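K.L.:
Here is a sequence together with a model predicted from it:
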Amino acid sequence: MAKRTYRQFRDVEEEYFRNHSEEIDAYLDEIFDEYAQDHNSAALLASLRVIA
């Protein structure tokens, strides 16, 4: 039986933004809006890492 390899969600996100760079500004607006509401710096940094 062949072994399946799965990709991590972060890898899928990174590839998506590489192929759809025009959506990065909207993504940045969204993550900073969420941070303004919940002040979750770990989530903010994780999201910034995806597009960095």
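P.N.:
Okay, I see it.
K.L.:
ok, F32 - contacts?
P.N.:
With contact set as Cβ atoms under 8 Å, 6 or more residues apart in numbering, F32 has these partners: L44. Where C-beta positions appear, they are placed from N, C-alpha and C, glycine not excepted.
K.L.:
Can you give the contact residues for the one helix or strand Y16 maps to?
P.N.:
Assigned by DSSP states H and E, Y16 falls within helix 9-19. Applying Cβ under 8 Å, 6+ apart, the contact partners of helix 9-19 are 23-24, 27, 49-51.
K.L.:
Which two of those residues have the greatest separation?
P.N.:
E23 and R49 (16.7 Å; Cβ to Cβ).
K.L.:
All the helices of the protein, residue numbers only.
P.N.:
Counting by DSSP state H, the chain has these helices, from start to end: 9-19, 24-38, 41-51.
K.L.:
Just send these back as a markdown table, with distance to K3 and mean pLDDT too.
P.N.:
Formatted as a markdown table, the helices of the chain follow (distance: least, Cβ to Cβ, whole Å; pLDDT from 0 to 100):
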| stretch | distance to K3 | mean pLDDT |
| --- | --- | --- |
| helix 9-19 | 18 | 90 |
| helix 24-38 | 33 | 97 |
| helix 41-51 | 27 | 93 |
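K.L.:
Can I get those in a markdown table including distance to A2?
P.N.:
A markdown table is the format used below for those (distance: least, Cβ to Cβ, whole Å):
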| stretch | distance to A2 |
| --- | --- |
| helix 9-19 | 20 |
| helix 24-38 | 35 |
| helix 41-51 | 30 |
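K.L.:
Who are the contact partners of Y35?
P.N.:
Contacts of Y35 (Cβ under 8 Å, 6+ apart): 41, 43-44.
K.L.:
I'd like to know how many residues surround the nearest residue to R49 once chain neighbours are set aside.
P.N.:
Leaving aside its sequence neighbours, R49 sits nearest to R10 (Cβ to Cβ, 6 or more residues apart in numbering; 7.9 Å). The tally of other residues near R10 (other Cβ atoms under 10 Å) stands at 12.
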